[in-house]
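Enquirer: got a predicted model here, sequence first, then my questions.
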Amino acid sequence: MSVYIAAGVAPDIALNSDATATLGLSGSIALGDATGSFRFNDATFSASIAITRGAFSFGPSIGYSYADDRVNPDNSEVWGGLSLSFGR
């Protein structure tokens, strides 16, 4: 049996008074026993901006993750993206 435990936070911060622009931040740290002993496994951090205009929302995001060398030898990664959504 493997054990993996993660804890994180993900607040959204309004960037203007009517909350049509928000900054989303997230971070998590995980512990696991993939190496045979229960210890640090990985950490992930990201930031995004969401701009809402009517039913549309769009914005960029960026993230970074790091894993223990014993869990994943190719242990760090940076990514980015652009989201577009439509809702009523």
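Expert: Looks like it arrived, so ask away. Residues are numbered from 1 along each chain as shown.

Enquirer: what kind of secondary structure is Thr35 in?
Expert: Using DSSP: H, G, I helix; E, B strand; the rest coil, the secondary structure recorded for Thr35 is coil.

Enquirer: excluding its backbone neighbours, what's nearest it?
Expert: Arg70 (4.4 Å; CB to CB, 6 or more residues apart in numbering). Placement of C-beta: from N, CA and C, glycine included.

Enquirer: repeat for Asp33
Expert: Val3 (5.0 Å).

Enquirer: what's the local residue count around the residue nearest to Thr35?
Expert: Residues contacting Arg70 under the criterion other CB atoms under 10 Å number 14.

Enquirer: about what we covered before: any idea of the pLDDT on the residue nearest to Asp33?
Expert: pLDDT recorded at Val3 is 89.

Enquirer: so the spatially most central residue of the chain bridges to which residues?
Expert: Nearest to the mean C-alpha position of the chain, by CA atoms, centre = their mean, lies Ser46 at 4.0 Å. Beta bridges link Ser46 to Ser26, Gly63, judged by DSSP bridges.

Enquirer: which residues does it contact?
Expert: Ser46 makes contact with 24-27, 61-64, according to CB atoms under 8 Å, 6 or more residues apart in numbering.

Enquirer: how about stretch 61-71: buried residues?
Expert: Under the neighbour-count criterion of 16 or more other CB atoms under 10 Å, stretch 61-71 has 61, 63, 65, 67-68 buried.

Enquirer: dump the residues you listed to JSON lines, plus secondary structure.
Expert: Shown next, in JSON lines, are the buried residues of stretch 61-71 (three-state DSSP):
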{"residue": "Ser61", "secondary structure": "strand"}
{"residue": "Gly63", "secondary structure": "strand"}
{"residue": "Ser65", "secondary structure": "strand"}
{"residue": "Ala67", "secondary structure": "strand"}
{"residue": "Asp68", "secondary structure": "coil"}
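
Enquirer: understood, closing this out.
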